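Engineer: Turn this into a structure:
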Amino acid sequence: MLRIREIKLKPGEAPAAIPRAIEKRCAPGRFGYALSEWRVAAKSVDARDKARIRFVYSVDFSVTPRAGAVKLRTAPEDFEADFLRRLRARGGGAGIEAAPAAGGGLSFVARGAAAARARVGPAPVIVGFGPCGMFAALTLAAHGRAPVVLERGKDADARVADVNRFLAGGALDPESNVQFGEGGAGTFSDGKLTTGIKDPRVGAVLETLAQAGGGDEILCTNKPHIGTDVLRVVVKKLRARILSLGGTVLFEHKLAGLCAQGGALRAVLVDTPRGTEELPAEVLLLATGHSARDSFAMLRASGVRMTPKPFSVGLRIEHPQRLIDAAQYGEHFTEIYGMAPREAGLPPADYKLALRTADGRGLYTFCMCPGGVVIPAASEPFGTVTNGMSERARAGAFANSALLVEVRVSDFAAQGDPQDPLAGIAFQRTCEQRAFASEAAPRPYFPPTERLADFMGKESALAACLPAFAAEAIREGLPRLGEKLKGFDLPEARLYGVETRSSSPVRIPRGQDLCTNIRGLYAGGEGAGCAGGIVSAAVDGIRLAEAILKL
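Structural biologist: Okay, the predicted model is just below:
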C-alpha cells in the first residue's frame, strides 16, 4: 500500500470524503489506475487558525489497473510502485510514499514452549499487574515461560466495587483502591496512550491493546486514549490471554520480603489470604507502580540499591469543558462552521501548558482529562490524593488537569538524610496528610477544594497543603498560563488538592542487562523511575521480559 499525508477535511466532513480527496491529489485515473481500497493511518486536528480548522489525515491506499488501461508484467503488489513511479515522473507524488509494514502486535505464539519446559528452576515471578507487569507477563507467557504474577490488589471487577463504595463515602481499603489492583493506577484514569519515547515496541503495545478491546481508533488517533470504562474490560482480556498461555495471576498476594544468598535471589516472602508464604524465585520482576511505599521500604531494608529522584507536586484544576473548547476551537466556531464543535466531529478540546517561574522551577499541566471528573485517589490512611479520570466518550461537562510544580531532590533531602532514597516519599506524605486535615476537605479522603480566586488570596486553605514554594509557583504561574490559554485563570475555576503521585520519587538503578544489584532481581515501570505512563511502562515490561528470556 501507499501512504498519502496531509489529506485535509473541513469540520463536518465525513471520512467518506477521503477517496475523493485522494483522487483530487494524485489522480490515479490519469495513469490508468483506480483507487481500490483505503484506511486511515493517522488522524489529528489542526486548530491553529480558528477560521480554518481542519481534520488532517494520513491514509494508506491501494490502486489497481483499470481494465485495458495498463499493461504490466508485474505482480499485483507492484502496482503501487509502478503508479508512484509514473506519478513522480509527472512531477507529482509529494507527501506520498510506500506505507510502512504493520507492527503486528505481540503475536503471543508460544515459540519457546518446548525449551521452557526443559528448563530447570522456578518460573519467573512478576510483582504488580499494571502495564509493566502485564506486558512482561504477556511476553514471557508467549515464549512458554509461564510467569507467576503477584498482585496485592483485587481483580478488576472486585476492585471497581471497592472503589465505588469508597467514592460513595465508604471506608478506604489500603489494598484495593484507585492505586492498587488489576491494571494499576491507569485503570482509574483517562487511559492516555500518548508517549514521547521512540521505540518499535510502542506499536506492538497499541496493537495489543486494540486487539483486546481498545478499538482500532487508538492506532490512528494523534492523541489516543482508552478511557477508564473500556480499560477495565481490556485488562481482563489481557489477563485471560496470559492464563491461556500458561501464566498464573494471583490477586491479594503482596510481596513481603526477599530471600537472597550470595548476592542472588533465591525466594520471596508473600502475604496471601492464607498467611505469609515462601515462594521459590530465582528471577523476580518488580513492577510495583509508584505508590507501593511499603514495598520500597522493604526493598531498601533488603539491600536493593535505590536513589531519590525529582518529581512534582501540585493541585488539580477544573474548568467547564465549553471554556476549553472555546479557547482551542474559537469562541465563534458555531458562527463560522454552522454547527457546534461536537456536531462537527471535533473531540472535546485538550491542552498542554508549561512555563518557568521566576526562580527557574518548572510549572506544567499533566494528565489532562477532557470531559472528565476529579476523583479522590488515596491509598494510605490519613492521606488525601487527587487524580483525574474520564470515560472513552469524554462526555462530561468539565475538563481537569494536574497543575504541577517541579520538586528537586534538594527540596526534600534537606529535611533529613540527603542520601535517604525514601525522603521523597516522606515529602509527598506530608502534603497528603495536610490535605486530609484541611478545613477545605468536604469529607475524609476527598480532596480539599476552593475557587481559583480564593487560592490566589493570602488565607487559602488549599495553599497550606503544599510546600510554600509550590503554592507560590502556582500563584505566579496562573495568570501567565491564562495568557497562553484564554480562560485558564478563570476566577471561578476550581482547584483540588493534592496531586502528588504523578511520578515515582524513587529510582532503582539497573545495569546494561536491566538487572538490579541483586542477581535475578529486575525492576521497571513507573515504580522504578523507568517509565511515565501506560505505554512507556508497557514497553519497559516487554524489554525486561526480553532480558529475562536471554538468561
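Engineer: ok, Met306 - contacts?
Structural biologist: Met306 is in contact with Phe296, Leu299, Arg300, Pro421, Leu422, Val506, Arg507, Ile508, Pro509, counting by C-beta atoms under 8 Å, 6 or more residues apart in numbering. Glycine gets a C-beta too; all of them are placed from N, C-alpha and C.
Engineer: Now intersect those with the helices, please.
Structural biologist: Among the contacts of Met306, DSSP state H puts Phe296, Leu299, Arg300 in helices.
Engineer: Which one (most neighbours) among the residues you listed?
Structural biologist: Most neighbours among the ones in helices among the contacts of Met306, by other C-beta atoms under 10 Å: Leu299, with 28 neighbours.
Engineer: in the helix or strand where Ala34 lies, what counts as buried?
Structural biologist: Following DSSP states H and E, the helix or strand that holds Ala34 is strand 33-46. Buried residues in strand 33-46, counted by 16 or more other C-beta atoms under 10 Å: Tyr33, Leu35, Trp38, Val40, Ala41, Lys43, Val45.
Engineer: repeat for stretch 214-227
Structural biologist: So for stretch 214-227, counting by 16+ other C-beta under 10 Å, buried means Gly214, Gly215, Ile218, Leu219, Cys220, Thr221, Lys223, Pro224, His225, Ile226, Gly227.
Engineer: How about Leu2: what's its closest non-neighbour residue?
Structural biologist: Glu80 (4.9 Å; C-beta to C-beta, 6 or more residues apart in numbering).
Engineer: pretty sure the one you found contacts Ile96?
Structural biologist: No. Here Glu80 does not reach Ile96: they are 9.6 Å apart, not a contact under C-beta atoms under 8 Å.
Engineer: list residues touching both of the two?
Structural biologist: Leu2.
Engineer: picking that back up, which secondary structure elements does the strand holding Ala34 contact?
Structural biologist: Under the contact criterion of 3 or more C-beta pairs under 8 Å, 6 or more residues apart in numbering; DSSP states H and E, strand 33-46 touches helix 18-26, strand 54-65.
Engineer: Save those as CSV, and put in distance to Ala528, mean neighbour count and mean pLDDT too.
Structural biologist: Below are the helices and strands packed on strand 33-46 laid out as CSV (distance: least, C-beta to C-beta, whole Å; neighbours: other C-beta atoms under 10 Å; pLDDT from 0 to 100):
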stretch, distance to Ala528, mean neighbour count, mean pLDDT
helix 18-26, 43, 17, 94
strand 54-65, 35, 20, 94
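Engineer: Could you dump those into TSV and include distance to Gly383?
Structural biologist: Output for the helices and strands packed on strand 33-46, formatted as TSV (distance: least, C-beta to C-beta, whole Å):
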stretch	distance to Gly383
helix 18-26	51
strand 54-65	44
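Engineer: Go through these and name the closest to Asp489.
Structural biologist: Taking C-beta to C-beta, strand 54-65 is the member of those nearest to Asp489, at 29.2 Å.
Engineer: now the angle between strand 33-46 and that closest one, please.
Structural biologist: Relative orientation of strand 54-65 and strand 33-46, computed by axes from the mean of the first three to the mean of the last three C-alpha atoms, to 10 degrees: 170 degrees.
Engineer: Mind checking what helix or strand follows strand 54-65 in sequence?
Structural biologist: Later in the chain than strand 54-65, the nearest helix or strand by DSSP H and E is helix 79-89.
Engineer: following that following helix, which helix or strand comes up?
Structural biologist: strand 96-98.
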